[in-house]
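Colleague: Just the structure for this:
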Amino acid sequence: MSILDFIILLIIAGVCGSIGQAISGYSRGGCLLSIVIGFIGALIGMGIADYFNLPEIFTFHAGDVSFPIVWSIIGASLFVALVGLLTRRR
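Modeller: All right, here's what the predicted structure looks like:
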């Protein structure tokens with residue numbers, strides 16, 4: 001994986017994390033947190049897909065790594081909704 005593939009993967013994860021935050025309605029943090037949420041969402045979403053034997057929908061391939069965009073958005077929105085429920089509002 002080249003450095004350009006890694007940067008593109010970070011951008012895709014950030015966009016997926018931002019969309020997940022927008023869907024759940026709870027947004028805290030900036031661009032770096034969106035990238036982290038995108039990667040966590042990909043792990044959660046693929047875990048859900050593997051559990052229910054669902055296929056990977058719309059994956060992005062960067063070098064030898066595939067990133068599931070739809071499952072990342074679904075997992076990110078579930079993760080952010082859970083964090084929003086567990087934290088107090090000010």
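Colleague: so where's this structure shaky on pLDDT?
Modeller: Within the chain, the stretches falling below the threshold (pLDDT under 70) are 90.
Colleague: which residue is nearest the centroid of it?
Modeller: What sits nearest the mean C-alpha location of the chain, by Cα atoms, centre = their mean, is Gly38, with 2.4 Å.
Colleague: Would you agree that one is in contact with Gln21?
Modeller: No - here Gly38 does not reach Gln21: they are 9.6 Å apart, not a contact under Cβ atoms under 8 Å. Bear in mind the C-beta positions are built from the backbone N, C-alpha and C, glycine included.
Colleague: Val70 and Phe58 touch, don't they?
Modeller: Yes - Val70 sits in contact with Phe58 when judged by Cβ under 8 Å, with a separation of 5.0 Å.
Colleague: Looking at the two, which one has more neighbours?
Modeller: Val70 (15 against 11; other Cβ atoms under 10 Å).
Colleague: Which helix or which strand is home to the more buried one?
Modeller: In this assignment (DSSP states H and E), Val70 forms part of helix 69-86.
Colleague: Okay then, goodbye and thanks.
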